[in-house]
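Colleague: Using only what follows, build the 3D model:
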Amino acid sequence: MIIKKLIVGPLEENCYIVGDERTKEAIVIDPGDEPDRILDIIKTDNLRVAAIVCTHGHFDHIGAVGDIKETTGAKILIHKEEADLYNAAKDQAAFFGYNLDDIPPPDEFLSEGNEIKAGNLTFKVIHTSGHSPGGLCLYGEGTVFTGDTLFQGSVGRTDFHGGDLAKLKESFRRLMSLPNDTRVLSGHGGETTIGIEKEENMFADEFSK
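Modeller: Next up, the predicted model:
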């Protein structure tokens, strides 16, 4: 499995390019900014992008979807409950003082249990609301991409529009039920594992109740 991580944009968001080494088919997860850097890797590694997956609709995670779609022809996928946030991302960016280009609408909406494939790789959609209504994680191949639901040592904020602390706690508990050696790649910050987060995450005790 190919995993390339790029830290993009002013909010230092993690974009991931995930591909099958044999087939060269890939998905791009959360292309938040700096499309040229993302596309350079796709071209250099000779990858064919099958899908652009947005873990949620906040502007720092979707800012480059238009450029990636235009160049690769890949479909934009996002959870069905995230449509309103996605469509309001330009206004959200302006509120925080950033300019966001117009972005194309999603091509397909995802739901709990859907599978996304890249060559012989398969990732299952886990609906993890809390940071936002339609936040999702992708789980497969011993790895979970958690967006802004779970971070190394922390969790996503719930004080934005659509945030819900009770739902975030539930989502956290679902992720903690994954195998301890599951690799965790989040939307900001460093890499960790489920086992480490059970022991060291500052919210583990509170959220496990």
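
Colleague: Keeping just the C-alphas, turn stretch 164-178 into CSV.
Modeller: Extracted C-alpha coordinates of stretch 164-178, given in CSV (Å, rounded to 0.1, in the frame of the first residue of the first chain):
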residue,chain,number,x,y,z
ASP,A,164,-22.2,17.5,19.0
LEU,A,165,-20.2,16.4,22.1
ALA,A,166,-22.4,13.4,22.9
LYS,A,167,-22.1,12.1,19.3
LEU,A,168,-18.3,12.7,19.4
LYS,A,169,-18.1,10.6,22.5
GLU,A,170,-20.0,7.8,20.8
SER,A,171,-17.8,8.0,17.7
PHE,A,172,-14.7,7.9,19.9
ARG,A,173,-15.8,4.7,21.6
ARG,A,174,-16.5,3.1,18.2
LEU,A,175,-12.9,3.9,17.1
MET,A,176,-11.5,2.6,20.3
SER,A,177,-13.2,-0.8,19.5
LEU,A,178,-10.8,-1.2,16.6
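
Colleague: What are the buried residues along that stretch?
Modeller: 167-169, 171-172, 175-176, 178 (16 or more other Cβ atoms under 10 Å). (C-beta placed from N, C-alpha, C; glycine too.)

Colleague: repeat for stretch 115-134
Modeller: 116, 118-119, 121, 123, 125-134.

Colleague: quick revisit: just the ones of the buried residues of stretch 164-178 in helices?
Modeller: Those of these mapping onto helices are 167-169, 171-172, 175-176, per DSSP state H.

Colleague: The residues you listed into TSV, with extra columns for distance to V53 and pLDDT?
Modeller: Converted to TSV, those look like this (distance: Cβ to Cβ, whole Å; pLDDT from 0 to 100):
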residue	distance to V53	pLDDT
K167	21	97
L168	20	97
K169	24	97
S171	17	97
F172	21	97
L175	17	98
M176	23	97
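
Colleague: Report the distance from the lowest-mean-pLDDT helix or strand in the chain to the chain centre.
Modeller: Least confident helix or strand of the chain, by mean pLDDT, DSSP states H and E, is helix 89-95 with a mean of 86. Put simply, helix 89-95 sits 19 Å off its chain's centre (Cα atoms, centre = their mean, to the nearest Å).
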